[in-house]
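Q: How does the following fold in three dimensions:
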Amino acid sequence: MTATILDGKATAETIRQELAVEVARWRDAGGAIPCLAAVLVGDDPASQVYVRNKQRACERVGMVSQLHRMATDTTQQELLELIDRLNRDRDVHGILVQLPLPRSLDEQQLLDAIHPLKDVDAFHPENVGLISQGRPRYLPCTPHGVLQVLHRGGVTVAGREVVVVGRSEIVGKPLAMLLAQKNGPLGPEMANATVTICHSRTKDLAAVTRRAEVLIAAVGVPQMIQADMVAPGAAVVDVGINRTDQGLVGDVDFDAVKEVAGHITPVPGGVGPLTVTMLLHNTLTAAKRTRETAG
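A: Next up, the predicted model:
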């Protein structure tokens, strides 16, 4: 039996429509137009595409965006000064620094310089700490997208064994925290999981992944997850986006695994569109928090 496709593109469109309604209500009530400021350093083609997609997404839901293009040889101090200006700009509600950055720059220092209230990527240590305590200010965008595509596809995680392959600060770790908590942004059925994190030192990875009722691949290795690593009927979420000579592929061998899994996300068209959409969700939340703080 072929797996049911969890269509992230369609899910993202539904959420964007919901956000557009929310933004309109917010503005009708006298709220400031939510504004997202993006900082793009260098001329990496993929980064330019990502930033352009974020700008278009803002426009589609009634938000505004700023793009601050910086040369590849921009210094650390110049970027810190730009972030400081954006932190102090009351018309800017969310700030993102597009990754990856040139190797000459200290990525962590720059991300830490973003004010926690404007950190709509949820990378700041203060926001990560709040997530770990089960009281998030903002949800990290890709993990939130994973929860949304599962939830809206009818897949719950409470009481189930979930395996996350990958321990990055952006996806693996925060996603594991959200899944293991007693409650979550989408209710207790999308939390309360028994979570295992796998990584490069995991012994017999296939034996661990075959235990999973929900398997999430976020390791950045093209088609690493093969059919013999998946339990029959498992829900498989592929977070990977890998550029190969054959085009974009995920961390999962989609054609093979879909014949074993119960649910599966494609690449492209899976989690990717939801990451941008959840960024908009956080930007609206940031705009609301700005008024609360000012009041």
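Q: going forward, measure contacts between C-alpha atoms and count neighbours the same way
A: Noted.
Q: any chance you could map the helices in the stretch 51-200 of the chain?
A: Along the stretch 51-200 of the chain, the segments classed as helices by DSSP state H, counting those that start in this stretch run 76-88, 107-113, 125-132, 141-152, 172-180.
Q: would CSV of the ones you listed with mean neighbour count, mean pLDDT and distance to Val237 be doable?
A: Below are the helices of the stretch 51-200 of the chain laid out as CSV (neighbours: other Cα atoms under 10 Å; pLDDT from 0 to 100; distance: least, Cα to Cα, whole Å):
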stretch, mean neighbour count, mean pLDDT, distance to Val237
helix 76-88, 15, 98, 34
helix 107-113, 15, 97, 27
helix 125-132, 18, 97, 21
helix 141-152, 23, 98, 7
helix 172-180, 23, 97, 12
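Q: how about TSV for these, with distance to Val257 added?
A: Converted to TSV, the helices of the stretch 51-200 of the chain look like this (distance: least, Cα to Cα, whole Å):
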stretch	distance to Val257
helix 76-88	43
helix 107-113	36
helix 125-132	32
helix 141-152	17
helix 172-180	21
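Q: right, and those helices - which one's nearest Thr244?
A: helix 141-152 (21.8 Å; Cα to Cα).
Q: Let me see the residues that make contact with that closest one.
A: Applying Cα atoms under 8 Å, 6 or more residues apart in numbering, the external contacts of helix 141-152 come out as 6-8, 11, 121-122, 156, 170-172, 174-175, 186, 190, 237, 271-272, 274-279.
Q: mind listing the strands for the stretch 1-150 of the chain?
A: Taking DSSP state E, counting those that start in this stretch as the test, the strands found in the stretch 1-150 of the chain are 4-5, 35-41, 64-70, 94-97.
Q: Could I get the average pLDDT for the last one?
A: Computed over strand 94-97, the mean pLDDT rounds to 97.
Q: Ok, the third one next?
A: For strand 64-70, mean pLDDT is 96.
Q: That strand relative to strand 35-41, how many degrees between them?
A: Relative orientation of strand 64-70 versus strand 35-41 (axes from the mean of the first three to the mean of the last three Cα atoms, to 10 degrees): 20 degrees.
Q: relative orientation of strand 64-70 and helix 76-88 in degrees?
A: 170 degrees.
Q: what packs against strand 64-70?
A: Here strand 64-70 is seen to pack against strand 35-41, helix 45-60 when contacts are counted using 3 or more Cα pairs under 8 Å, 6 or more residues apart in numbering; DSSP states H and E.
Q: Where among these is average confidence lowest?
A: Among the helices and strands packed on strand 64-70, helix 45-60 carries the lowest mean pLDDT, a mean of 90.
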